[in-house]
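Undergrad: With the input below, show me the fold.
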Amino acid sequence: RVRDTTDALDALGNTTAATGKGFAIGSAVLTALSLLSAFKNKAGVTNVDIGEPIVLSGVLVGAMLPFLFAALTMLSVQKAAGAIIIEVRRQFAEIPGLREGTAEADSDRCVAISTQSSVEEMILPGLYAVLSPICVGFLIGPRCLTGMLAGSIASGMMLAVMMANAGGAWDNSKKYIEIEGANGGKGTEIHKACIVGDTVGDPFKDTSGPALNILIKLMSIISLTIAPLMEGDNDWDVWYYGLIPLGVMIVGTFVVYHLFWREVADITADVSSPKEGATAAADAAVVGDADKLDGGDAAAKKAGNDDEEAEEGIEESA
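TA: Reported below is the predicted structural model:
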């Protein structure tokens, strides 16, 4: 009964959160537009024609950045979740009595993994958000930067609204099936599809969507900060200065990739150990199935089945 009540409240919370995020997105857009207007005045940009190739190029680059930023944050959530899954499987395999509830799990290790990932995975998105306006502003010019800010504000707003609403809808669709028993209830193919949708919807509404508000405001603030340095500049006047942040982004991308992104963790890899086989044998003896074991092979097989059940329980809890 407690779970049913909290699930219903969670579904209501998703709806109210999506509504509140709409106001937050609107506030971020108005702030970014104000900063864009201040940047134009400070940089001496008087006329911006969308038909000019320089301005249009900036609009296209700016419209791409929210999608790149959202993709990086989504991949970061995937990597952190995968690392925690591997750690949970390792603890089930190596800590005696954890499956039976007689031992304590090492939750501090999971918190440490999440904290470390939150810092490491934000290096690349932060690098792009801060250095992109500097690179475009100096490499090309203030008019191109104006177009880039306008493109990022427009596409960032639409993408953030979509993520906030779609993420909440996907989460509630799973709860609707589980609570109300719609479309056959739990265990159906529709329910499995909704679990997949909720897996994507959670980082949509809780990570990538809210992060876009910060992206468009941060880019506008950075642009306004460097506006006095490019006041009166024409296109390509100080292009050599723009090579510095461009080089930093390229080097940073290479370093971050080799440090954090190159190795992909396999969450299905075998985490069995001698302790796992002994634990499985002890479990079988307790329930009277010791006579069915055939050495280490049978123990490993039972442990593997327990592993699958534990993973399904983790997925349901998520």
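
Undergrad: only C-alpha atoms for contact and neighbour calcs from this point on.
TA: OK.

Undergrad: Now name the helix or strand holding Ser152.
TA: Using DSSP states H and E, Ser152 sits in helix 142-180.

Undergrad: typed the wrong thing, it's Phe92
TA: helix 53-94.

Undergrad: the inter-axis angle of that helix versus helix 142-180?
TA: Per axes from the mean of the first three to the mean of the last three Cα atoms, to 10 degrees, the angle that helix 53-94 makes with helix 142-180 is 40 degrees.

Undergrad: Which is the succeeding secondary structure element to helix 53-94?
TA: Past helix 53-94, the next helix or strand by DSSP H and E is helix 107-120.

Undergrad: Now do that next one: everything it contacts.
TA: The contact list for helix 107-120 (Cα atoms under 8 Å, 6 or more residues apart in numbering) reads Ser76, Ala80, Ala83, Ile84, Glu87, Val88, Phe260.

Undergrad: so how far is the helix holding Phe92 off the chain centroid?
TA: 5 Å (Cα atoms, centre = their mean, to the nearest Å).

Undergrad: Quick one: list the elements packing against that helix.
TA: helix 107-120, helix 123-139, helix 142-180, helix 209-226, helix 274-286, helix 295-317 (3 or more Cα pairs under 8 Å, 6 or more residues apart in numbering; DSSP states H and E).

Undergrad: how about those, which one is nearest Leu72?
TA: Leu72 lies closest to helix 123-139 among these, at 6.7 Å (Cα to Cα).

Undergrad: just to revisit the earlier point, show the average pLDDT along the helix holding Phe92.
TA: Averaging pLDDT along helix 53-94 gives 93.

Undergrad: ok, the closest residue to Gly209 other than its chain neighbours - how many residues close by?
TA: What sits nearest to Gly209 in space, not counting adjacent residues and going by Cα to Cα, 6 or more residues apart in numbering, is Ala160, at 4.5 Å. Ala160 is flanked by 26 other residues according to other Cα atoms under 10 Å.

Undergrad: Double-check Ala160 against Pro210; I have them as touching.
TA: Yes: using Cα atoms under 8 Å, Ala160 makes contact with Pro210 at a distance of 6.9 Å.

Undergrad: shared neighbours, those two?
TA: When contacts are counted by Cα under 8 Å, 6+ apart, Ala160 and Pro210 are jointly contacted by Ile25.

Undergrad: follow-up on the earlier one: wait, which of the contacts of helix 107-120 is closest to Ala28?
TA: Proximity of those to Ala28 (Cα to Cα) peaks at Ser76, which lies at 23.5 Å.

Undergrad: For Val200, which residues are in contact?
TA: Counting by Cα under 8 Å, 6+ apart, Val200 has contacts Gly167.

Undergrad: now do Ser57
TA: Cys144, Gly147, Met148.

Undergrad: Distance of it relative to Asp7?
TA: As judged by Cα to Cα, to the nearest Å, Ser57 and Asp7 stand 47 Å apart.

Undergrad: Ser76 now?
TA: Counting by Cα to Cα - Ser76 and Asp7 are separated by 27 Å.

Undergrad: ok, the two, which is more surrounded?
TA: Legend: neighbour count by other Cα under 10 Å for Ser76 and Asp7, higher for Ser76 (20 against 17).

Undergrad: Excluding chain neighbours, give the residue nearest to that one in space.
TA: Once flanking residues are discounted, Ser76 sits nearest to Glu121: 5.6 Å by Cα to Cα, 6+ apart.

Undergrad: contacting residues for that neighbour?
TA: Counting by Cα under 8 Å, 6+ apart, Glu121 touches Thr73, Ser76, Phe260.

Undergrad: Using the three-state scheme, assign the last one.
TA: In the three-state summary, Phe260 is assigned as helix, counting by DSSP: H, G, I helix; E, B strand; the rest coil.

Undergrad: Need the pLDDT of Ile195.
TA: pLDDT at Ile195 comes out at 90.

Undergrad: and the angle for the strand or helix carrying it with helix 142-180?
TA: According to DSSP H and E, Ile195 maps onto helix 189-203. With the same axes, to 10 degrees defining the directions, helix 189-203 sits at 140 degrees from helix 142-180.

Undergrad: chain center to helix 189-203: distance?
TA: 16 Å.

Undergrad: Now do the buried residues in that helix.
TA: Neighbour-count burial for helix 189-203 flags Ile190, His191, Cys194, Ile195, Gly197, Asp198, Thr199, Val200, Gly201, Asp202, Pro203 (criterion: 16 or more other Cα atoms under 10 Å).

Undergrad: give me every residue that touches the first one.
TA: The one in question is Ile190. Asn183.

Undergrad: ends of stretch 131-146, how far apart?
TA: This stretch, stretch 131-146, spans 15 Å end to end (Cα to Cα).
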